[in-house]
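> Below: sequence and its predicted model.
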Amino acid sequence: MPSDEELLSGFLKGDHVAFDELMTRHEDRIFGLCLRMLGSREDALDATQDTFLTVYRKGRQYSGRSKFSTWLYRVAVNTCHDHLRKRKRHQAIPIQEGSDLPDSSVGDQFDSVEVRPDILTALSSIPEEFRSAVVFVDIDGLALEEVAGILGVPIGTVKSRTYRGRRLLAELLGNFRSTSEHQRDEDHA
């Protein structure tokens with residue numbers, strides 16, 4: 001089975017089937033990332049399509065200094081940030097979606113399960129840099145080194161953003177207790 005880098009090289013030499021294979025390998029993960037970043041299925045579908053259009057047009061810009069998947073995630077994150085900026089400019093208020101059923105076209109049922117709507121709503125409420133870190137580390141389960149490469153920041157920054165994002169999410173979801181509250185509970189025990 002050819003690597004992602006080999007498929008990209010084949011595509012750049014004119015093999016469009018190689019691009020189809022790259023897209024097939026990564027489209028579910030990219031869609032999942034876009035859904036968690038944007039909070040809307042429609043926006044996520046648009047961003048996924050835009051991500052692969054960018055790869056199609058700018059595949060030659062992949063330098064090989066990182067894994068192809070890292071570069072692809074970076075393209076997807078940038079695309080999501082572009083969509084979020086456009087959304088802010090148009091002052092559109094997203095319609096809250098209910099819980100979608102798992103996508104039956106996905107082979108692994110666990111990969112097809114949507115994030116709970118309350119978490120999606122909370123994620124869309126925190127700043128983009130914290131959202132990106134939390135999505136990659138906690139939801140996608142990527143290693144800190146890989147997230148640092150995707151986001152183009154040091155590992156310490158990823159750790160800090162993940163911590164701050166988790167704290168904001170906990171506050172929004174009503175799961176955060178301050179140190180003084182925790183201490184009072186222990187004193188009364």
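Great, that's in hand. Numbering: from 1, shown residues only.
> low-scoring stretches of the chain, by residue?
Low-confidence segments of the chain (pLDDT under 70): 89-117, 176-189.
> centroid residue for it?
The centroid of the chain falls nearest to L33 when counting by Cα atoms, centre = their mean (2.9 Å).
> How about it: what's its closest non-neighbour residue?
In this structure, L33 finds its nearest non-sequential neighbour in A76, 5.4 Å apart by Cβ to Cβ, 6 or more residues apart in numbering. Where you see a C-beta, it was placed from the backbone N, CA and C, and this is true even at glycine.
> Was I right to think the one you found contacts Q49?
No. Taking Cβ atoms under 8 Å as the contact criterion, A76 and Q49 are not neighbours in contact, 11.1 Å apart.
> How about the contacts made by the residue nearest to L33?
Listed by Cβ atoms under 8 Å, 6 or more residues apart in numbering, the contact partners of A76 are I30, L33, C34, A47, T48, T51.
> Would you mind confirming that T48 makes contact with I30?
Yes. Under the criterion of Cβ under 8 Å, T48 is in contact with I30, at a separation of 5.2 Å.
> one step back: same list, the contacts of A76, but as a markdown table with secondary structure and distance to H81 please.
A markdown table is the format used below for the contacts of A76 (DSSP: H, G, I helix; E, B strand; the rest coil; distance: Cβ to Cβ, whole Å):
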| residue | secondary structure | distance to H81 |
| --- | --- | --- |
| I30 | helix | 14 |
| L33 | helix | 12 |
| C34 | helix | 11 |
| A47 | helix | 10 |
| T48 | helix | 14 |
| T51 | helix | 12 |
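> can you list those residues in CSV and add distance to D4?
Formatted as CSV, these follow (distance: Cβ to Cβ, whole Å):
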residue, distance to D4
I30, 13
L33, 16
C34, 19
A47, 20
T48, 17
T51, 14
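> Just give me the closest of those residues to L168.
Within the set of the contacts of A76, L33 lies nearest L168; the separation is 19.2 Å, counting by Cβ to Cβ.
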